[in-house]
Structure formats: C-alpha cells, structure tokens
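**Student:** okay, sequence plus prediction incoming.
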Amino acid sequence: MAWPTNLPEIEHLVSSLLGDITSSSSEHSSVKYRVISNLFNATSRHSALRLSTYTRVLKVAANNRELDILRLYRKHVEQWLQE
C-alpha cells in the first residue's frame with residue numbers, strides 16, 4: 001500500500017525528518033543510510049519526495065566519504081531517472 005506523498009503536510013513531515021536525520025551526528029551513519037533508504041523505497045517512483053530522499057542519502061554518504069557503501073550503479077541510476 002502506497003502512502004500519500006503528494007500531500008503538502010506529508011512532504012513537510014518527510015522533509016523535516018530528512019533534515020533531522022542528516023543534521024544529526026555522523027557517528028551512526030549506517031542507521032542514517034537504512035532509515036533514508038527505507039523512506040526512499042517506500043516512496044512512489046513518481047513522487048517528488050523520492051528525488052529529495054535520494055539526494056539526502058547521497059549527501060550523507062559524500063559528507064562521510066562513504067559513497068562506496070551505497071553501491072551505486074550508473075545503469076540503475078539512469079534507469080531510475082528515466083522513470
């Protein structure tokens with residue numbers, strides 16, 4: 001069951017949650033990745049929140065110099081962007 005990501009109050013709550021997660025201390029980065037990834041995967045492929053969630057996980061990984069943890073594959077990113 002999808003959740004209504006197009007409602008302004010949902011967008012505000014998710015953006016606020018992402019801000020709290022990404023601004024917290026970096027000592028628990030693996031937990032941050034899991035929470036943000038779960039939000040990303042639970043968001044409809046056509047929701048604007050999906051891009052902002054993806055961007056946040058990239059920022060956390062880049063700030064911690066841990067981009068390799070994300071196991072990004074160009075093919076998958078390009079496919080996702082086309083959707």
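**Tutor:** Good, I have the coordinates.
**Student:** quick check: which ranges of this structure have low pLDDT?
**Tutor:** With pLDDT under 70 as the threshold, the chain has low-confidence stretches at 1-2, 26, 77, 80-81, 83.
**Student:** if we go to 90?
**Tutor:** Scanning the chain with the threshold set as pLDDT under 90 gives 1-12, 14-15, 21-35, 37-83.
**Student:** tell me the centre residue of it?
**Tutor:** Most central in the chain under Cα atoms, centre = their mean is Thr53, positioned 2.7 Å from the mean C-alpha point.
**Student:** mind listing residues that contact the helix or strand harbouring it?
**Tutor:** Using DSSP states H and E, Thr53 falls within helix 48-63. The contact list for helix 48-63 (Cβ atoms under 8 Å, 6 or more residues apart in numbering) reads 5, 10-11, 14-15, 18, 21-22, 26, 29, 32-33, 36-37, 39-40, 43-44, 67, 69-70, 80. Using the backbone N, CA and C atoms, a C-beta is placed for each residue, glycine as well.
**Student:** quick check: PyMOL command selecting the buried ones in the residues you listed.
**Tutor:** Those of these that meet the burial criterion (16 or more other Cβ atoms under 10 Å) are gathered into one PyMOL selection, given here:
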select buried, resi 5+11+14+18+21+22+29+32+33+36+39+40+43
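**Student:** the contacts of helix 48-63 in helices, which ones?
**Tutor:** Secondary-structure check on those using DSSP state H: residues within helices are 10-11, 14-15, 18, 21-22, 29, 32-33, 36-37, 39-40, 80.
**Student:** next, the distance between the ends of stretch 61-74.
**Tutor:** Distance across stretch 61-74, first residue to last, is 16 Å (Cα to Cα, to the nearest Å).
**Student:** which positions in the helix holding Thr53 come out as buried?
**Tutor:** In helix 48-63, residues buried by neighbour count (16+ other Cβ under 10 Å) are Leu49, Arg50, Ser52, Thr53, Tyr54, Arg56, Val57, Val60, Ala61.
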